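>>> Mind looking at a prediction? Sequence and model below.
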Amino acid sequence: MNRAEAVRENTQASRPPSRPTRQLPPVAAEVDAALVEIDARLDWLLALTPLATDALWQDFQASGWTRVAALRYSEPALDLTAMRRQLRALPIEDIESPLLASVLSEKERELELMIELVRLRGTEGFIGASIELFGGVEAELLATARKILESVGEGEALVADVGVDEVVAAARAEVAWYCRQAPDFDVEIVVDADIGSLMMVSHGVLYLDARLRLPRARLQPLLQHEIGTHVLTRYNGLRQPLRQLSVGLAHYDPLQEGLGVLAEYLSGYLPGERLRVLAARVVAADLAIHGEEIPGIFACLHEDHGLPTDAAFDIAVRALRGGGLTKDAVYLRGLVELLADLRGGGDFALLFAGKFALKHRVVLEQLLEAGWARAPALLPRYLQEQGPVAHCLDLDVASLHHSHPDANATAAPPAQPGRSSPASDGGSDRSAAADTTTNNNTNNKEPRR
C-alpha cells in the first residue's frame, strides 16, 4: 500500500477496533474526578468576556474609529485561592500508573495556568500568561494568515433567511439523527439574548443567541461544527474510563477547532469570509502581543485587509480581552495542524474519541492498549454520509473554502416519522432582526466562533 492509499484508508468513516476497557486505579480515578469537577467550576472565559460591547461599538463609531473605553468585566464568582489550593492538594505523585500520572498532572498544570490567567486580568502580566497557556503567533502561522487575507475573497452574497426558531428545529433534527444511533445522546438547547456569542457549546449545552440570523447554506455546516464536533466528542469522552477526555486533556482547543472548521468545509459551505475571519484573528493576536490597542488593530484589519467595520471591531476586542488573549490564534493553527496530521496518514476517526490535542495521539493509543480508553462510540453524520476526507487533503489551507454553497450544505438529516429529539429548548422563541443581503456573514449574525 502506497502513502496515498494509506492516507485514504485512515480517513474513512470506519471506527477503530475496540478493546476491552477497565476502570482507572483508585488514586487516578480520584484525581481524574476532581479535575473534571474543578474544570466545570472554572469558567475562565466568562471572567474574560467584556461587558456592554454594543455600547463600546457605538462609542467607537462616534469617535471616528479612534477611541474606545476600557473594557469592563463582571466580577468572577470564583474563589481562585481555594481552587489553587484544591489543585495542589491532589495526590498526583501517588497515581498508580506513570501514563495516567503524566496525563493528569499535565491537566492540573493547565488548570492552574487558567486560574492565574483570571487573576492577572487587566494587568501587564496577563499576556505572558496567555502565551504560556495558548501559545503566541508563530511566524509561519502569521504568514499563512496574511496569505489568506491577501488571496481569499468573500463568498457568494446570501440572504440571512434563517432565524433562531429554525435553527432550534434543525438542531433538534440533528440530535434526533444521533439518537437513532445512540438513544442516550442528548443536547440541551438554550436560547438567550446575552450569551456573549451567537452560537456556542459549553459543557455539552448548545447556546443560541435570540437574535441569530444566518444564510440557510451556513446552517448545516455550523451545526456540524457545534454538534458534530464539540457535542459529539464530549459524548464519546463521557464513555471513556478516563473522564478527562470529556472535558479535554491539556491544550485540546486547537484540534477541536480544527475539526470544527473542517466539518464546515466537508458539510458543503465554508465561505471565504469565514476563513478570512480566522486569519484576521491570528493577525490581531500578533498585534496584541506587540502592544497594539483596539483602534490600531481595527485599523489594520479594516483599512489594510478590508474587513467590514463590525467584524474588525469584534476581532480587535476579542484579541484584547483580559489584556491580550492569544486563544483566537488556535482556530487557524488547529486547522493547519489537522490537515498536516491527516496528510501524514493520521487516523481521522480516532480524533472523535474525546477532547485531546494532536500531540496526544501516542498517549491515546497507549490508553487504548491499557484499556483506559475506547474507540469513539459515534462518528459525525457528515463523515458517515459523505465518506472519506482525503479529497480535501491536497488543498492548501488558503484554498479550503467555497465560493458557492455545495448541495451538501443544505442537506438536513433524514427524518424518522414518529420520533422526536429529547433535546430541550432552555429559552423562549423570539423573533430576530430583519433579513439582510451581504457578502459578510458577520452582518448576517453569523456565529462568532
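In hand now; what should we look at?
>>> wouldn't G354 be in contact with Q240 here?
Yes: here G354 lies in contact with Q240, judged by CB atoms under 8 Å, at a distance of 5.6 Å. To be clear about C-beta, it is placed using only N, CA and C from the backbone, and glycine gets the same treatment.
>>> joint contacts of those two?
246, 373 (CB atoms under 8 Å, 6 or more residues apart in numbering).
>>> Among those two, which residue is more densely surrounded?
Shown here are G354 and Q240; by other CB atoms under 10 Å, G354 has more neighbours (29 against 22).
>>> for that one, what are its contacts?
Going by CB under 8 Å, 6+ apart, the list of residues near G354 reads 233-234, 236-237, 240, 242, 244-246, 248-249, 373, 376.
>>> what's around the closest residue to it other than its chain neighbours, how many residues?
Closest residue in space to G354, ignoring its immediate chain neighbours: L245 at 2.8 Å, by CB to CB, 6 or more residues apart in numbering. For L245, the neighbour count with other CB under 10 Å is 29.
>>> Let me know the secondary structure of L245.
Look at L245: counting by DSSP: H, G, I helix; E, B strand; the rest coil, its state is helix.
>>> what residues are up against A288?
Taking CB under 8 Å, 6+ apart as the test, what A288 contacts is 127, 297, 319-320, 324-326.
>>> If we use 7 Å, what do you get?
127, 297, 319-320, 324 (CB atoms under 7 Å, 6 or more residues apart in numbering).
>>> Show me which residues of the helix or strand it falls within are buried.
Here A288 sits within helix 272-289, counting by DSSP states H and E. Judged by neighbour count using 16 or more other CB atoms under 10 Å, the buried positions of helix 272-289 are 272-289.
>>> Now do that helix, average pLDDT.
Helix 272-289 shows a mean pLDDT of 97.
>>> Using PDB, list the CA coordinates for it.
Presented in PDB, the C-alpha positions along helix 272-289 are these (Å, rounded to 0.1, in the frame of the first residue of the first chain):
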ATOM      1  CA  GLY A 272     -14.200  32.800   2.100                       C
ATOM      2  CA  GLU A 273     -15.100  35.400   4.700                       C
ATOM      3  CA  ARG A 274     -15.200  32.700   7.400                       C
ATOM      4  CA  LEU A 275     -11.600  31.700   6.600                       C
ATOM      5  CA  ARG A 276     -10.700  35.400   6.400                       C
ATOM      6  CA  VAL A 277     -12.100  36.000  10.000                       C
ATOM      7  CA  LEU A 278      -9.900  33.100  11.300                       C
ATOM      8  CA  ALA A 279      -6.900  34.600   9.600                       C
ATOM      9  CA  ALA A 280      -7.700  38.100  10.900                       C
ATOM     10  CA  ARG A 281      -7.800  36.700  14.400                       C
ATOM     11  CA  VAL A 282      -4.200  35.500  14.100                       C
ATOM     12  CA  VAL A 283      -3.100  38.900  12.800                       C
ATOM     13  CA  ALA A 284      -5.000  40.600  15.700                       C
ATOM     14  CA  ALA A 285      -3.400  38.200  18.300                       C
ATOM     15  CA  ASP A 286       0.000  39.100  17.000                       C
ATOM     16  CA  LEU A 287      -0.700  42.800  17.100                       C
ATOM     17  CA  ALA A 288      -1.900  42.400  20.700                       C
ATOM     18  CA  ILE A 289       1.200  40.600  21.700                       C
END
